[in-house]
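Peer 1: Compute the structure for the input listed below.
(2 chains)
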Amino acid sequence: MDNVKLKINGLDVEVPKGTTVLDAAHKLGIRIPTLCYLREINAIGACRICVVEVKGARSSVAACVHPVSEGMEIQTNTEKLRQARKMTLELIVSDHRMDCLSCERSLRCELQTLANEYEVDQHKFANLNPEVDDSAPHLIRDNSKCILCRKCVAVCKHNQAVGVIGANYRGYKTQIGSPFDLPLDTQPCIYCSQCVAVCPTGALSEKYDHKKVWEAIANPNKHVVVACAPAVRAQLGECFNYPIGTNVSGKMVTALRRMGFDKVFDVPTAADFTIMEEGTELIKRLEAGGPFPMFTSCSPGWVKFCEHFYPEYLDNLSTCKSPQQMYGALMKTYYAEKEGIKPEDMYVVSVMPCAAKKFEITRDHQNAAGIPDLDAVITTNELALMIRQTGLIFEDLPDEDFDPAFGIASGAGHIFGVTGGVCEATLRTVSEIVSGKPLEKLEFNEVRGVAGIKEAEYDLGGKKLKVAVVSGTANAKKVIEDIKSGAKEYHFIEMMACPGGCVNGGGQPYQPGYVRNFTDLRALRAKALYREDAPKTALRKSHENPVVKEIYDSYLGEPGGHKAHELLHTSYVKRTVY
Amino acid sequence: MYRSHILVCAGTNCHSGKSDKFIEYLDEKLLEHKLNEEVKVVKTGCFGLCAFGPVVVVYPEGIFYQMVDQAGIERIFAEHVLKGRIVDDLVYEESKKHGVIEPFEQTDFFRKQVRVALHNCGVIDPEDINEYIAVDGYQALAKVLTTMTPQQVIDEIKASGLRGRGGAGFPTGLKWSFAAAEPAGKKYICCNADEGDPGAFMDRSVLEGDPHVLIEAMAIAAYAVGADEGYKYVRAEYPLAVQRFQKALDDARAMGFLGENILGTGFSFDMHVKLGAGAFVCGEETALLTSIEGNRGEPRPRPPFPAVKGLFGKPTVLNNVETLANIPRIIMEGADWFAGMGTETSKGTKVFALGGNIVNVGLVEVPMGITLREIVEEIGGGIPSGKKFKAAQTGGPSGGCIPAKLLDTGIDYESLAQVGSMMGSGGLIVMDEDSCMVDIAKFYLDFTVDESCGKCAPCRIGTKQLLEILEKITQGQGVMEDLDTLKTLSTHIMENSLCALGQTAPNPVASTLEYFWDEYVEHVVNKKCPAGMCKDLLTYTILPDKCIGCTICARVCPVNAISGKVKEIHTIDEKCIKCGVCVDKCKFDAIIKV
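Peer 2: Numbering: from 1, shown residues only, chains lettered A, B, ... in the order given. Purely as a prediction, here's the structure:
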């Protein structure tokens, strides 16, 4: 591609044609502040915070969308621009409910950060007292804090192909909502919460359940157990200023114990069960000749997407419960029995990177003991808050191990949190079961990486196995449409609602646009989990997990057998779009 | 040959005055008197003098009848058509000014006009393609298709100096050349007939009065840039325009001016009509294209410009109705002819919708460079009721207010911008001494706050804050610091908004601050509205020496704020809502507002 030469703040730079001013400046180490811009997702030049001066231009231009051209002379930080950004911020703040002391996004809010940086006078303009709207079910939309950057609208439409939100009304009355302002739970929202993950202010936040958990912990009659999804340990550190991609598993376990949980278990252990069940299901389908492709079912956002938009493919969804639900089911059956605790006296909590998991525990056929498998789901963000509320100095905590009764997990179980991980874990187990001999190489590199759609073909005891790994439901839509039209054929597809998988889930710590725009969060976060599955790790295959073996031997019987089916499988419902 | 033609205006205004019934009536009567071979009734587009509609013009005399009703048309038929006697009391006053009845073309309103874009409006029957063809319609298309290369067409338009009439004034030929320079493939020609400025109706007039000129112009543009498909984006509030344009499309298609292999030249072009829901912002080119695509009408950042990446991501030329209406004449008469009119930088003519406190309310087309004074005092007939001119607001809701001292400003893109206003699409509202300029600024801001699309922060919130401050001032709550904030905020919005709507929305505030600063100060410091418009700053008082105690004021007061016995002096108490009814009803000028 052709390069163009230009000057930014007097410095020469050469970049490919079509590069934005923002990127060209970044190359020179110049930071131009942004609010509404999100790389590859939202480039609409709406917030006007990234305005810069281009010599000869009539008015200022938005650096996030303005392409550079040969000989351009740009200023990014004149006094005039600083005043302009300041005034735009003052205008935005005038339309913002100033709830900063207790706002969920406080200290991580991009508006707050910029307001501070630009010494905004929050009383410059009259505050127009916007109203609160918290009618949505799984998340809270507080439009009184919305700055109309439209990032949520863009991820919902472009990344997720769901599109249940958009701009309603016009001008000053503009607000983001569902069509005709209907409540979100009447819409085909898949609860992935990607919208929450990109909201630069506190306008969108997960619904918090940590208070229920504190109550259970305080209740002496409850046996409170907790387990953490793999992706949580990879991201919790971000809440305590660790570099992105730091695995803080040991400190997290210690923290949970000190918070008062009776037992601290691990969701990857449950993921190993999922592999046993899902692998068995795949083998059975291969024997029976279908139905193909078999879709994984551990991502509740994806499951709901399938139910709404592709109900004709429900038979293709694996009937396996997600690892979270398998964990809950085994807690209230096997574990309760073994420990001599009544299932009703158990309080089962999971820590998840995902707000859709809060919906998953309310689904039908997620009640192995006759009562819901889980009692509460908290997100990584809620866990961080609870750790702070406990008064723990996180970085000073010693490392501890999970409780062994349900705390030993294979490397395969850990990589569940990354796109491609479920597929790789399944392949390890299925290959060895089908061929009857140990794999020489455990890495299935074809299904690794952050690409939204990955394809591979493997030889499975002489049979070809075509697999795909998909993350982001817009990609899921693309793949299913290809299957529908006959353009593609697969046996097994790992589906994750969130781009990059659970490490990029909607319940993960907020990373501001500026970080997301110039780093690949998905890849950085994934690294922390692949380290748990490093080649030197002793246990890397689900079927070799001693806990798994023990529970099947002593309680469940055969994988895919009658009891396993009763406890570890579920059903789906057809849903409509409107 | 007919001995006489009766032109009946069928524009929206006259149409709503039942002018269609006049046509039925005349046709019926002519048949009855066996005059249908001698006298022809023509249903035409708008003459421009809408305030005096319904309009009927009788040729060859050129007698302009105003405000005709059913009784009037019966008299015109019985007297003028049958007996040759002019119905004096129905004749347009201005044409009687010199003691004799002159043809309407001689009157001040029409004399100074030069009709290029409105050439056929009020002349031909817009619903009859043959009438268009009879006035050389589709000749220009034939000329370009058979004798000119696309480049020659672009060069001709460039040489004419034609600039976009939608407001920004971008050179039309240059715009075409950008789209033409894009690699061959799918390209679009779009016509902006959204006309969102309140009070402006020149586009509607062309659509209703001369729809074929637009089809012809779009086909010429398509040939020039290599497009084969077009869209006309027209607001749904223009039902008559839509209906006539649709008929014109059908007729043009049937006669081979649209569709495959036009005039046997191998060139193909066809178009669709897309109805807009009336959002002001959809007059902005990228918002309009976004709306055609089926999305919420919001502007998108430029570059890429539509000529490179427009409708559905393809190279697109978007021209305004009035711009296009000039094209066939330029092709036929030549670029030099067109460039011979106007000023150094602004060629040709411009249509204005004259409104407000002016005698001749209506549409006028004048050569560029004409002064505001000529338009207001001569063509417009001045201010009614002998009041004084205070300001002229040009360019629609985002234009600026031009004070009396600048009345000799020549009308062209640059000079209007220089005085803090703009050409816009050509609204021209005249205000007399009774207009409060703070109130006027508030009025326009109220409009732009409503019509801002809500996408970018400076426009969405900034205009709202401007309005809040203006409201505060008109309510007597303003402080001097507010005036500084108005200034800096106006500049901020203009310099930092995403699209032209925001970049121009503060014009009414900025221009009134500039030219009527004292009036603002009066509101803020003395809590007085010199024009007597801002209710919160007024008190109604009864002058004891003039009141005779007739009780009329007390009886008409809707809130019983006036008390007093018969034949005794009345007083107004604090219940007064300042509606002004008492002032209007008092026969003794005994009530004043201070």
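
Peer 1: drop to CA atoms for contacts and neighbour counts, all remaining ones
Peer 2: Noted.

Peer 1: How about the residues of chain A by chain B?
Peer 2: Applying CA under 8 Å from any CA of the partner chain, one finds that chain A approaches chain B through A:44-48, A:51, A:59-61, A:65-67, A:84, A:87-88, A:91-92, A:95, A:125-126, A:148, A:170-174.

Peer 1: Can you turn the buried part of those into a PyMOL selection?
Peer 2: Here is the PyMOL command that selects the buried residues among those (16 or more other CA atoms under 10 Å in any protein chain shown):
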select buried, chain A and resi 44+45+46+47+48+51+59+60+61+65+66+67+84+87+88+91+92+95+125+148+170+171+172+173+174
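
Peer 1: What about the residues of chain A next to chain B, which are in strands?
Peer 2: A:51, A:61 (DSSP state E).

Peer 1: mind listing which of the residues of chain A next to chain B are in helices?
Peer 2: Per DSSP state H, helices hold the following members of the residues of chain A next to chain B: A:84, A:87, A:88, A:91, A:92.

Peer 1: Tell me which residues touch the second one, please.
Peer 2: Contacts of residue A:87 were listed using CA atoms under 8 Å, 6 or more residues apart in numbering or on different chains, and they are A:120, B:489, B:492.

Peer 1: Between these, which sits nearest residue A:393?
Peer 2: Residue A:393 has its nearest neighbour among those in residue A:120, at 32.7 Å by CA to CA.

Peer 1: what's the distance between the closest one and chain B?
Peer 2: According to CA to the nearest CA, to the nearest Å, residue A:120 stands 15 Å off from chain B.

Peer 1: What of residue A:479?
Peer 2: 24 Å.

Peer 1: centre of the chain versus the host helix or strand of that residue, how much separation?
Peer 2: Secondary structure from DSSP states H and E places residue A:479 in helix A:473-485. With CA atoms, centre = their mean, to the nearest Å as the basis, helix A:473-485 stands 21 Å off its chain's centre.

Peer 1: Mind listing what's buried along that helix?
Peer 2: A:473, A:474, A:475, A:476, A:477, A:479, A:480.

Peer 1: Can you give me the domain assignment for the chain?
Peer 2: Picked chain A for this. Chain A breaks down into these domains under automatic domain parsing: A:3-77, A:89-206, A:218-568.

Peer 1: hm, I was asking about chain B
Peer 2: Using automatic domain parsing, the domain parsing of chain B gives B:4-108, B:129-339, B:349-432, B:437-525, B:539-593.

Peer 1: start to end distance for the first one?
Peer 2: What it means is domain B:4-108. Distance between the two ends of domain B:4-108: 25 Å, counting by CA to CA, to the nearest Å.

Peer 1: Quick one: mean pLDDT for it?
Peer 2: Across domain B:4-108, the average pLDDT comes to 92.

Peer 1: got it, and the second one?
Peer 2: Computed over domain B:129-339, the mean pLDDT rounds to 95.

Peer 1: for the fourth one, same thing?
Peer 2: Along domain B:437-525, the predicted local confidence has a mean pLDDT of 96.

Peer 1: is any part of it close to chain A?
Peer 2: Yes. Part of domain B:437-525 sits near chain A under the criterion CA under 8 Å from any CA, namely B:449-458, B:460-462, B:464-465, B:489, B:492, B:494-498.

Peer 1: returning to that earlier point: if you count contacts, what does the helix holding residue A:479 end up packed against?
Peer 2: Contact partners of helix A:473-485 among helices and strands, from 3 or more CA pairs under 8 Å, 6 or more residues apart in numbering or on different chains; DSSP states H and E: none.

Peer 1: By mean pLDDT, flag the weakest helix or strand of chain A.
Peer 2: The weakest-scoring helix or strand in chain A, judged by mean pLDDT, DSSP states H and E, is strand A:139-141 (a mean of 84).

Peer 1: returning to that earlier point: can I get the domains of chain A in JSON lines including distance to residue B:205?
Peer 2: JSON lines is the format used below for the domains of chain A (distance: least, CA to CA, whole Å):
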{"stretch": "domain A:3-77", "distance to residue B:205": "33"}
{"stretch": "domain A:89-206", "distance to residue B:205": "29"}
{"stretch": "domain A:218-568", "distance to residue B:205": "47"}
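
Peer 1: Mind telling me which of the ones you listed the model trusts least?
Peer 2: domain A:89-206 (a mean of 89).

Peer 1: Restricting to C-alpha, output stretch B:181-195 in PDB.
Peer 2: Output in PDB follows, covering the C-alpha atoms of stretch B:181-195 (Å, rounded to 0.1, in the frame of the first residue of the first chain):
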ATOM      1  CA  ALA B 181     -13.100  10.100 -11.600                       C
ATOM      2  CA  GLU B 182     -14.000   7.100  -9.500                       C
ATOM      3  CA  PRO B 183     -13.500   3.700 -11.300                       C
ATOM      4  CA  ALA B 184     -16.400   2.600 -13.400                       C
ATOM      5  CA  GLY B 185     -19.000   0.500 -11.700                       C
ATOM      6  CA  LYS B 186     -22.100   1.100  -9.700                       C
ATOM      7  CA  LYS B 187     -22.700   4.800  -9.100                       C
ATOM      8  CA  TYR B 188     -25.700   6.800  -8.000                       C
ATOM      9  CA  ILE B 189     -27.300  10.200  -8.700                       C
ATOM     10  CA  CYS B 190     -29.400  11.500  -5.900                       C
ATOM     11  CA  CYS B 191     -31.600  14.500  -5.600                       C
ATOM     12  CA  ASN B 192     -32.100  16.200  -2.300                       C
ATOM     13  CA  ALA B 193     -35.700  17.300  -2.300                       C
ATOM     14  CA  ASP B 194     -36.000  17.100   1.500                       C
ATOM     15  CA  GLU B 195     -36.300  20.900   1.900                       C
END
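
Peer 1: Need the contact partners of it.
Peer 2: In contact with stretch B:181-195 (CA under 8 Å, 6+ apart) are residues B:179, B:201, B:203-204, B:218, B:221-222, B:225-235, B:276, B:278, B:280, B:282-283, B:285, B:288, B:308, B:311, B:314-321, B:425.

Peer 1: on that earlier part again, tell me which of the buried residues of helix A:473-485 is nearest to chain B?
Peer 2: Chain B lies nearest to residue A:474 out of the buried residues of helix A:473-485, by CA to the nearest CA, at 19.1 Å.

Peer 1: any idea which residue sits dead centre in the chain?
Peer 2: Defaulting to chain A. residue A:505 (0.5 Å; CA atoms, centre = their mean).

Peer 1: oops, I was thinking of chain B
Peer 2: residue B:200 (2.1 Å).

Peer 1: Can you classify residue A:509 as helix, strand or coil?
Peer 2: Of the three states, residue A:509 takes coil under DSSP: H, G, I helix; E, B strand; the rest coil.

Peer 1: was I right about it contacting residue A:239?
Peer 2: Yes. Look at residue A:509 against residue A:239 with CA atoms under 8 Å: they come within range, at 6.4 Å.

Peer 1: So what does residue 336 have for phi and psi?
Peer 2: As the question left the chain open, I've gone with chain A. Backbone geometry at residue A:336, expressed as degrees, to the nearest 10, gives phi -60, psi -40.

Peer 1: actually it's chain B I care about, not the one you picked
Peer 2: Dihedral angles (degrees, to the nearest 10) for residue B:336: phi -60, psi -40.

Peer 1: right, and it touches residue B:158 too?
Peer 2: No. In this structure residue B:336 lies outside contact range of residue B:158 using CA under 8 Å: 10.8 Å.

Peer 1: Of all the domains of chain A, which one is nearest residue B:346?
Peer 2: domain A:3-77 (19.6 Å).

Peer 1: all helices for the stretch 251-400 of chain A, in order.
Peer 2: In chain order, the stretch 251-400 of chain A shows helices spanning A:267-288, A:300-309, A:323-330, A:336-339, A:356-360, A:380-390, with DSSP state H, counting those that start in this stretch as the criterion.
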